[in-house]
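1. What follows is a predicted structure for the sequence shown.
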Amino acid sequence: MSSKTGTTRLRSFRPPRFAFRTSMVRLQKFLADAGVASRRASEQLILAGRVEVNGEVVQTLGTKIDPTQDRASVDGTPVRRGANSTSP
């Protein structure tokens, strides 16, 4: 861009907003988004030891997973993110 004085102004690089998003979500939110149960009911499933992530039983609330990489299951049934999810 040139101005009237002949100097050039450089535009600063702005990466897309999605570049800063983290894909990690709380396990109970992932289960709720997938339609397995509400967030509160998902917490009870986690505490009861009925939820596995990548083959390991998870009993800690607030555990974060990456839905694009991690595989979750409830009572041995694989869980996939639901179509009604609000997150990408």
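-> Perfect, I can see it now. Keep in mind that this is a model prediction, so the values were computed, not measured. Numbering: from 1, shown residues only.
2. Can you show me the helices along the protein?
-> 27-33, 39-47 (DSSP state H).
3. Restricting to C-alpha, output the last one in CSV.
-> Same thing as helix 39-47. Written as CSV, here are the backbone C-alpha positions of helix 39-47 (Å, rounded to 0.1, in the frame of the first residue of the first chain):
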residue,chain,number,x,y,z
ARG,A,39,-23.3,-33.5,31.1
ARG,A,40,-24.4,-34.3,34.6
ALA,A,41,-25.3,-37.9,33.7
SER,A,42,-22.1,-38.2,31.8
GLU,A,43,-20.2,-37.3,35.0
GLN,A,44,-21.9,-40.2,36.7
LEU,A,45,-21.0,-42.6,33.9
ILE,A,46,-17.4,-41.4,34.2
LEU,A,47,-17.3,-41.8,38.0
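4. Okay, strands next: where are they in the chain?
-> Using DSSP state E, the strands found in the chain span residues 25-26, 51-53, 56-57, 64-65, 72-74, 77-79.
5. Adding mean pLDDT, mean neighbour count and distance to Ala37, write those out as JSON lines.
-> (Each C-beta comes from the backbone N, C-alpha and C, glycine too.) Formatted as JSON lines, the strands of the chain follow (pLDDT from 0 to 100; neighbours: other Cβ atoms under 10 Å; distance: least, Cβ to Cβ, whole Å):
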{"stretch": "strand 25-26", "mean pLDDT": "96", "mean neighbour count": "18", "distance to Ala37": "14"}
{"stretch": "strand 51-53", "mean pLDDT": "97", "mean neighbour count": "20", "distance to Ala37": "10"}
{"stretch": "strand 56-57", "mean pLDDT": "96", "mean neighbour count": "8", "distance to Ala37": "17"}
{"stretch": "strand 64-65", "mean pLDDT": "96", "mean neighbour count": "17", "distance to Ala37": "16"}
{"stretch": "strand 72-74", "mean pLDDT": "97", "mean neighbour count": "17", "distance to Ala37": "8"}
{"stretch": "strand 77-79", "mean pLDDT": "96", "mean neighbour count": "13", "distance to Ala37": "10"}
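6. Understood, closing this out.
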